[in-house]
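In: turn this into a model:
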Amino acid sequence: MAKRKSLASRIIGSKSEYKGEKGKKKLIAKLVICVVVWVALLCSLLFSNDIDRSMNKKDFAFKAEISDSNYKVHFIDVGQGDSSLIQFPDGKNMLIDTGDNKSEVLKNLTRYLDSVGVEKIDYLILTHTDSDHIGNADDILEMYEVDYIYLPTVYSLYEEELGLDTDEGWSTKDTRIWSRVVEAAYNEVENEGAEIIRTFVGTDDDTPVTQSIVNDEYQYRVDFYAPYSERFSISNDYSPVIMVRFGDTSSEGENASNATVDFMFVGDLEKTGEQEFLDNNTLIQTSGELDCEVLKVGHHGSSSSSGEAFLNVVTPEYAVISCGKGNEYKHPHEETLANLQNCVSNPEIMRTDLLGSIVFGSGGTELVARQTSYNHVNDSYLEWKYFVIVGAVIIGLLFILVIKIEVGKKKPKKSV
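Out: Okay, the predicted model is just below:
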């Protein structure tokens, strides 16, 4: 029985095929074809994310409780950064922040969004201008159709260069990433009819108050409780306080809190911003309206956020911390973990650096299911594109080896 040839042997061929002038030409032709094919594949990897997304698109196998839930709230593992996805009962999607400006984060984020069925982003909320929150927003705006884009009250150099009418009360952020994101937002407005909304709930004639998103038919609403100022000394405090509620939203105050499941998002809000939030909501602090089942902990668990006064007002049952494994900032800080543990509600702490992506779902008005371990940032499996690259190197080396052998055979022996 003849020995079966390996794939590499079939591609390269036997040495006898390349003897003589005719064989040499055949070898060169095969090598040229091989190089052209691999270069084309490598170019597709370098210049297009679409192939990677389509090759990796698959549906997650959610637990039954989450699969049957009429909504899903995802805290996506993007390493040291923030990105959260809310999938509403009516099929709409809200993405809050987009992680840091790194190619692997963008790849993992888009793969995650695709794998849970996101084809359009109805609401894109960028909490503030730090790169670990807005780093991939321009790419997201290019890849997905977006209807509403929420930005902080911060101008970019792009807007100033266009000579757009600016509010004197606003500051300007002159980073390349922020200008690029704002430019992409205006392009989405011009090309796709999107609308830009600035997150602000204070009082100013020039800055409209950010309106709540309410859907009584599907029983959900999104409320904005901060910021109250248009300018802050640090970028983190531009972060809005966002409450996403599911359930019977027709009631108000304590009744509404008991009838809904509430998720609070605070970006990188620090203690000064938390205090502003508390000072401007004193009348409803005891009504239960600010209570939440799940809190996305501010600033990745930094000690500059999550003060005791703030936590004892919002009283979360679960505290989700989005941070990178072994991050240089040592997030979450011990002080923050202690504050969470000492909070009157004693929330369960869940961290993306330990658990991966975290998904919440619900049955009725109760938070009954949660699921973790969808971690794409630290995936260890080899992807198809690495096979392409490694394969190109191996085949190239094998062809070089064959050429050397053939050339060596043809060299005349030296006479003694």
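
In: where does pLDDT dip in the stretch 101-250 of the chain?
Out: 165-167 (pLDDT under 70).

In: can you give me the strands in it?
Out: Applying DSSP state E, counting those that start in this stretch to the stretch 101-250 of the chain gives strands spanning 120-125, 145-151, 154-156, 171-173, 195-198, 213-215, 220-226, 241-247.

In: listing partners with orientation, what would you give for the third one?
Out: Using DSSP bridges, the neighbouring strands of strand 154-156 in the sheet come out as strand 171-173 (parallel).

In: just the pLDDT for residue 29.
Out: Per-residue confidence (pLDDT) for residue 29: 76.

In: then residue 42?
Out: pLDDT, read off for residue 42, is 68.

In: picking that back up, and of the strands of the stretch 101-250 of the chain, who's closest to residue 133?
Out: Between residue 133 and the strands of the stretch 101-250 of the chain, the shortest gap by C-beta to C-beta is with strand 120-125, which sits at 9.9 Å. No exception for glycine: its C-beta is placed from N, CA and C like everyone else's.

In: give me the residues contacting that closest one.
Out: Contacting residues not belonging to strand 120-125 are listed as 92-98, 137, 140-141, 144-150, 199, 213, 222, 240, 242 [C-beta atoms under 8 Å, 6 or more residues apart in numbering].

In: picking that back up, in CSV: the strands of the stretch 101-250 of the chain, plus mean neighbour count and distance to residue 206.
Out: What follows is these, written out as CSV (neighbours: other C-beta atoms under 10 Å; distance: least, C-beta to C-beta, whole Å):
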stretch, mean neighbour count, distance to residue 206
strand 120-125, 20, 21
strand 145-151, 20, 15
strand 154-156, 22, 13
strand 171-173, 16, 14
strand 195-198, 15, 10
strand 213-215, 14, 23
strand 220-226, 21, 18
strand 241-247, 24, 22
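
In: among those, which comes closest to residue 35?
Out: Of the strands of the stretch 101-250 of the chain, nearest to residue 35 by C-beta to C-beta is strand 145-151, at 38.8 Å.

In: adjacent strands (with direction) for that closest one?
Out: Strand pairing for strand 145-151, determined by DSSP bridges: strand 120-125 (parallel), strand 195-198 (parallel).

In: can you redo those as a markdown table with distance to residue 24?
Out: Shown next, in a markdown table, are the strands paired with strand 145-151 (distance: least, C-beta to C-beta, whole Å):
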| stretch | distance to residue 24 |
| --- | --- |
| strand 120-125 | 56 |
| strand 195-198 | 64 |
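
In: wait, which of those strands is closest to residue 187?
Out: strand 195-198 (11.2 Å).

In: wait, which of the strands paired with strand 145-151 is closest to residue 315?
Out: Judged by C-beta to C-beta, the one of the strands paired with strand 145-151 that comes nearest to residue 315 is strand 120-125, at 23.6 Å.

In: report the angle between that closest one and strand 220-226.
Out: On the basis of axes from the mean of the first three to the mean of the last three C-alpha atoms, to 10 degrees, strand 120-125 is oriented at 20 degrees to strand 220-226.

In: for strand 120-125, what is the distance to the chain centroid?
Out: Distance of strand 120-125 from the chain centroid (C-alpha atoms, centre = their mean, to the nearest Å) equals 12 Å.

In: between strand 241-247 and that strand, find me the angle.
Out: Strand 120-125 runs at 140 degrees relative to strand 241-247, counting by the same axes, to 10 degrees.

In: before we move on, the earlier item: reformat the strands of the stretch 101-250 of the chain as a markdown table; add distance to residue 344.
Out: Putting these into a markdown table (distance: least, C-beta to C-beta, whole Å) gives the following:
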| stretch | distance to residue 344 |
| --- | --- |
| strand 120-125 | 29 |
| strand 145-151 | 31 |
| strand 154-156 | 35 |
| strand 171-173 | 36 |
| strand 195-198 | 34 |
| strand 213-215 | 30 |
| strand 220-226 | 20 |
| strand 241-247 | 19 |
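
In: select, out of those, the one closest to residue 107.
Out: strand 120-125 (17.3 Å).

In: just to revisit the earlier point, closest to residue 324 out of the strands of the stretch 101-250 of the chain?
Out: So among the strands of the stretch 101-250 of the chain, strand 120-125 is nearest, using C-beta to C-beta, at 21.4 Å.

In: stretch 120-140 spans what distance, first to last residue?
Out: One end of stretch 120-140 sits 10 Å from the other (C-alpha to C-alpha, to the nearest Å).

In: correction: the previous question concerned stretch 109-120.
Out: 14 Å.

In: chain center to that stretch: distance?
Out: 10 Å.

In: surely residue 276 touches residue 238?
Out: No. Contact between residue 276 and residue 238 fails when scored by C-beta atoms under 8 Å: they sit 11.3 Å apart.

In: circling back to that earlier point, what's the closest of the strands paired with strand 145-151 to residue 71?
Out: Using C-beta to C-beta, the nearest of those to residue 71 is strand 120-125, at 13.6 Å.

In: and residue 29, how many residues sit next to it?
Out: 10 (other C-beta atoms under 10 Å).

In: list phi and psi for it.
Out: Main-chain dihedrals, residue 29, degrees, to the nearest 10: phi -60, psi -40.

In: quick one: it from residue 393, how far?
Out: According to C-beta to C-beta, to the nearest Å, residue 29 stands 21 Å off from residue 393.

In: just to revisit the earlier point, now do the shared contacts for residue 276 and residue 238.
Out: In contact with both residue 276 and residue 238: residue 227, using C-beta under 8 Å, 6+ apart.

In: how about the strands paired with strand 145-151, which one is nearest residue 231?
Out: strand 195-198 (12.4 Å).
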